[in-house]
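Enquirer: The following comprises the amino acid sequence and a computationally predicted model.
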Amino acid sequence: MKKGITTVLAGMLAMSLLGACGNSSSDNSANGGSSSGKVKIEFFQNKAEAKASFDKLVAKFNEANPNIVVTQVNPPDAETVLKTRAAKKDIPDVVGLGATDTFKSLATGGVFEDLSSDPVVQNIQPAYADMLKNYTANNQLNGVPFAANANGVIYNKAMFAEVGAEVPKTWDEFIAVAEKFKAAGKNAFYMTLKDSWTTLPAFNALSSNIAGIDFYSQRQAGSVKFSGTLDEVAQKQLQLTEYAQKDIFGKTYNDGNVAFAKGEAAMYLQGVWAIPEIQKANPSIDLGVFVLPATNDPSKNKLVSGVDTLLAVSKTSKHQAEAKKFIEFMLQPENVTQYITEQKAFPTITGVTQDDKSVEGLKEAFTQGNLVDFSDHYIPAAMKIDTLLQEFLQKKDIDAFTSKLDTEWDKVADRK
Amino acid sequence: MAKRRIAYYLMTIPALLLFFAFHTFPALQGIFYSFTNWDGFSDGYSFVGLKNFINVFKDENVYNAYFFTFKYAIAATILINVISLLIALGLNAKIKAKNFFRSVYFLPNVLGVLIVGYIFNYLFSNAFTIWGEKLGSGFLSQNILGNPDWAWVGIVIVGVWQGIAYNTILYLAGLQTIPADLYEASSLDGASKWREFWSITFPMLAPFFTINMVLAMKGGLMIFDQIVALTGGGPGRSTQSIAHLIYTGGFTGGEFAYQSANAVIYFIVIVAISLFQIKVLQRREMDL
């Protein structure tokens, strides 16, 4: 009996060794490229919501280019996976990423190709290209903006009509609308603060409009402090929680999408990326989006919009020509249109517009260029601003929060 | 004889090489990086001496993570050992369908930690809250994982639920090593069940008690998966364990070298605790 087990084990071991050899040899031929006839390109992206849309485009590309095989990789917690792979110097050929702090640090770390002289860039709206250049501060364009997003207030039109509320243009009107729902015994907002990142859409809208984006470069220079500057932002964000459902810290983003789709709240402080998920839960919902009015001056209330997905090419990729070809394909107007229609995203190339009815409310801001960037992208990731906000909204102490932002900022800067 | 010994040494080489390549070498690399300012992905880095270590001691988040981790580990170790010993005694008694119950109680151990975590995460937010509402309790109708003062209890519940399975099996094995004639003798002398437990069962289980304490404590100090599945360290940083802080700070936060320093310190702490536990508990085994 015992002998039998040993034989089986030895056999398994031998098999697994052979298996390992087999894997490594096929990997080699993939890296070698032409030896097997087909070039394999790994396309790594971080948007779980967009997986199906990308799959369609990838299939279309593979069909049109029989010599290239693009495979999409979309793991959970993709940004961390990417950083872990970067630590191993194993960067995917094409990377699709938001313009986040992860992109910023990888790009400054010299991981991506400079694409500023690439012909695909000519068609890009300069505002978005400049945004990416600002992040890296080396005047290189380390990624091509592919789609933009916007961060506003998603609202249930039927519920607005029920209580006779109008889309608010100022902060006071916004609070008045929330009061109206509260008086009617309804939840004005649905908050999902168990997922700490969902504190960010409201924070970005408030802080980008009230404190501004320049604040962060001034903070870096040391001429301003969070305490004093961010008090109003913190106070307003705290005020919004008064109009939300109960147990706001126990609900997750997925809970929120379903609950909002079922009409459990009138407004949802989220980016447009949540719309496809909400519609999946309730295809017949009649919803709209408006710009979160952070101040009482309607002309100063800008829409928070940034690069939702950018496409970057690894510096160490062995197939840069093919990788660039894929990016060029993705940026063709018909493919961009297909993607933004499915994802309710906004185009970054000229000549294409987002005409979907649900995001009509944001069109004016886009045509007038009334846009401002996400402020959390300017805060070092090591500070974990989302965690700090989550803690603040529970403790409700504005002074402690803003002074903690200062100490955390200094601490992270000191460790560099 | 000497020749045979050489053969034995040669046989250890494959395992030694694998262990060195995948365990010792990365550990040494981590210690090396803790003296640099490498962010985890850039091409270059420079040496910064002990700066990272000094900053670890200045970081409030590190103290917070140590506090949570020890609070969790101690609570989980005590609960796991008490409950699993009780279950083992029950499963060792003369009951019907003994083997069936033994496999049922072992079941949590074969389920993946993340799967269990995600299931409990759903239960905490959607099932337990409904029961709480039916009971009319304002506290129980809220997701305790969203409450900064109570979220750690939720994690302890899940950790203990899953952790008792393995320790129960070890205690059960221990109970079967106790010779039946000891119990016969004690019943002839008219000892009560209570007396029997404290004078025979518990002392005879001492080696198993030691190993279970060490294993449960080690598991508690290394807690990571449950946190990822249940709270992600939140609300705020109230359930962030040291392992979770090292991972998130090192990779998402881009402070690889700094968190390596944190990890080196934690390594020393764990070695010290394990040595202490084994020494103290083994002395107890001798005394008995």
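Expert: Structure's in. What do you need?
Enquirer: In the helix or strand hosting residue A:56, which residues are buried?
Expert: Using DSSP states H and E, residue A:56 sits in helix A:51-64. Residues A:53, A:54, A:57, A:58, A:61, A:62 are the ones in helix A:51-64 that count as buried (16 or more other Cβ atoms under 10 Å in any protein chain shown). Yep, even glycine has a C-beta here, placed from its N, CA and C like the rest.
Enquirer: and for the next helix or strand after it, what are the contacting residues?
Expert: Toward the C-terminus, helix A:51-64 is succeeded by strand A:68-73 as the next helix or strand (DSSP H and E). Contacting residues not belonging to strand A:68-73 are listed as A:38-45, A:51, A:54-55, A:58, A:61-62, A:92, A:94, A:322, A:325-326 [Cβ atoms under 8 Å, 6 or more residues apart in numbering or on different chains].
Enquirer: List the buried residues of strand A:68-73.
Expert: Across strand A:68-73, burial judged by 16+ other Cβ under 10 Å covers A:68, A:69, A:70, A:72.
Enquirer: Which member of those residues is positioned nearest chain B?
Expert: Proximity of those to chain B (Cβ to the nearest Cβ) peaks at residue A:72, which lies at 22.1 Å.
Enquirer: Which strand residues bridge the closest one?
Expert: residue A:43 (DSSP bridges).
Enquirer: What pairs with the longest strand anywhere in chain A, parallel or antiparallel?
Expert: The residue-count maximum for a strand in chain A (DSSP state E) belongs to strand A:144-156. Strands adjacent to strand A:144-156 in the sheet, as given by DSSP bridges, are strand A:265-271 (antiparallel), strand A:287-290 (antiparallel), strand A:303-313 (antiparallel), strand A:346-347 (antiparallel).
Enquirer: next SSE after the last one?
Expert: Pointing back at strand A:346-347 there. Next helix or strand after strand A:346-347 toward the C-terminus (DSSP H and E): helix A:363-367.
Enquirer: quick one: contacts of the helix or strand following that following helix?
Expert: Per DSSP H and E, the first helix or strand lying C-terminal to helix A:363-367 is strand A:371-372. The set of residues external to strand A:371-372 that reach it, using Cβ under 8 Å, 6+ apart, is A:127, A:208, A:209, A:213, A:302, A:303, A:304, A:305, A:365.
Enquirer: In PyMOL, how would I select just the buried ones from those residues?
Expert: Of these, the buried ones go into a single PyMOL selection, burial set by 16+ other Cβ under 10 Å:
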select buried, chain A and resi 208+209+213+302+303+304+305+365
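Enquirer: what does chain B put close to chain A?
Expert: Neighbours of chain A within chain B, by Cβ under 8 Å from any Cβ of the partner chain: B:37, B:39-43, B:51-52, B:55, B:58-59, B:124-126, B:129, B:141-148, B:231-238, B:248-249, B:251-256, B:258.
Enquirer: Among those residues, which lie within helices?
Expert: B:51, B:52, B:55, B:58, B:129, B:256, B:258 (DSSP state H).
Enquirer: Can you say which of those are buried?
Expert: By 16+ other Cβ under 10 Å, those give B:51, B:52, B:55, B:129, B:256, B:258 as buried.
Enquirer: Pick out the most distant pair among the residues you listed.
Expert: B:51 and B:129 (46.5 Å; Cβ to Cβ).
Enquirer: Show me the shaky parts of the stretch 151-288 of chain B.
Expert: Applying pLDDT under 70 to the stretch 151-288 of chain B picks out residues B:285-288.
Enquirer: The residue in the stretch 201-350 of chain A that chain B sits nearest to in helix, strand or coil?
Expert: Residue nearest to chain B within the stretch 201-350 of chain A: residue A:250 (2.5 Å; Cβ to the nearest Cβ). Secondary structure, DSSP: H, G, I helix; E, B strand; the rest coil: residue A:250 is coil.
Enquirer: what sits against the residue of the stretch 301-416 of chain A found nearest chain B?
Expert: Proximity of the stretch 301-416 of chain A to chain B (Cβ to the nearest Cβ) peaks at residue A:391, 2.8 Å away. Shown in contact with residue A:391 (Cβ under 8 Å, 6+ apart): A:401, B:148, B:235, B:236, B:237, B:238.
Enquirer: Could you give the number of residues near the first one?
Expert: This points to residue A:401. 23 (other Cβ atoms under 10 Å in any protein chain shown).
Enquirer: element containing it?
Expert: helix A:398-415.
Enquirer: Give me the buried stretch members for that helix, please.
Expert: Residues of helix A:398-415 classed as buried: A:398, A:401, A:402, A:404, A:405, A:406, A:408, A:409, A:411, A:412, A:415 (neighbour count, 16+ other Cβ under 10 Å).
Enquirer: so can I have JSON lines of these showing distance to residue A:168?
Expert: Below are the buried residues of helix A:398-415 laid out as JSON lines (distance: Cβ to Cβ, whole Å):
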{"residue": "A:398", "distance to residue A:168": "24"}
{"residue": "A:401", "distance to residue A:168": "26"}
{"residue": "A:402", "distance to residue A:168": "26"}
{"residue": "A:404", "distance to residue A:168": "31"}
{"residue": "A:405", "distance to residue A:168": "28"}
{"residue": "A:406", "distance to residue A:168": "32"}
{"residue": "A:408", "distance to residue A:168": "33"}
{"residue": "A:409", "distance to residue A:168": "33"}
{"residue": "A:411", "distance to residue A:168": "38"}
{"residue": "A:412", "distance to residue A:168": "36"}
{"residue": "A:415", "distance to residue A:168": "42"}
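Enquirer: Of these, which are in range of chain B?
Expert: The overlap between these and the neighbours of chain B (Cβ under 8 Å from any Cβ) comes to A:411, A:412, A:415.
Enquirer: Show me which of the residues you listed is closest to residue A:338.
Expert: Ranked by distance to residue A:338 (Cβ to Cβ), those are led by residue A:412 at 40.6 Å.
Enquirer: Now for residue B:102: which residues touch it?
Expert: Taking Cβ under 8 Å, 6+ apart, we find residue B:102 in contact with B:91, B:172.
Enquirer: my bad, residue A:264
Expert: So residue A:264 contacts A:187, A:190, A:245 (Cβ under 8 Å, 6+ apart).
Enquirer: Most neighbours among those residues, please name it.
Expert: Neighbour counts for the contacts of residue A:264 peak at residue A:190, which has 26 neighbours (criterion: other Cβ under 10 Å).
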